[in-house]
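**Q** quick one, what's the 3D model for this:
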Amino acid sequence: MQKYSFLVFHKEYDDFLKDLQQLGVLHVIEKETEISDDIREKYQLVSRIDKIIKSLEKRETEKKNNCPDSDGLKIIEEIIQKQEELEVLQQELAAAHKELVKVKPWGDFSAEIINKLKEKNFYVRFFITSKKKFNTKLLSEYNAEIITESGNYIYFIIIQQGDEELNIDA
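**A** Below you'll find the predicted structure:
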């Protein structure tokens, strides 16, 4: 018995098997091959190029003269780098937007002024509490000032001299 290995184009595979059967071949074993690292890298490169092409097709840009001297892979690497930079910027924008939503109820204030107060041993403490839990005695006892009321919450600050820990249920 002799063994043979054949590499057959997938569209011709069925016809190839029928031809072997007519020749009298008794046993055919299909073997799945492992993809080499080189081929896997090529597949990944093709996949990345496809994604870039799809993203570029969506964009409208000015028509420019083609540069025959430019290297295609270098351009692809630059596009990938720019897309990564864009992704980082979008994440930073989302983080800044979240931070803006967080500090919006406090209104406009300067961190520089708060730092100057800190240098003179005055500390500004920021608190958020529900309207139900808010105790109006805080206004007189701790030199508290309500900044705003939003929904069911009260945003207030306490300005104190010294860096002592406050025991306030807020």
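**Q** any residues touching stretch 42-59, and which ones?
**A** Identification of contacts with stretch 42-59 by C-beta atoms under 8 Å, 6 or more residues apart in numbering yields 35, 76, 79-80, 83. Yep, even glycine has a C-beta here, placed from its N, CA and C like the rest.
**Q** can you pull out the helices in this structure?
**A** Counting by DSSP state H, one finds helices in the chain at the ranges 13-23, 37-58, 72-103, 111-119, 137-141.
**Q** dump these to a markdown table, plus mean pLDDT and distance to Glu165.
**A** Below are those laid out as a markdown table (pLDDT from 0 to 100; distance: least, C-beta to C-beta, whole Å):
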| stretch | mean pLDDT | distance to Glu165 |
| --- | --- | --- |
| helix 13-23 | 84 | 77 |
| helix 37-58 | 84 | 52 |
| helix 72-103 | 89 | 23 |
| helix 111-119 | 90 | 16 |
| helix 137-141 | 84 | 16 |
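**Q** so of those, which one's packed in deepest?
**A** helix 137-141 (a mean of 13; mean count of other C-beta atoms under 10 Å).
**Q** which secondary structure elements does that helix contact?
**A** With contacts taken as 3 or more C-beta pairs under 8 Å, 6 or more residues apart in numbering; DSSP states H and E, helix 137-141 sits against strand 144-150.
**Q** that'll do, ta.
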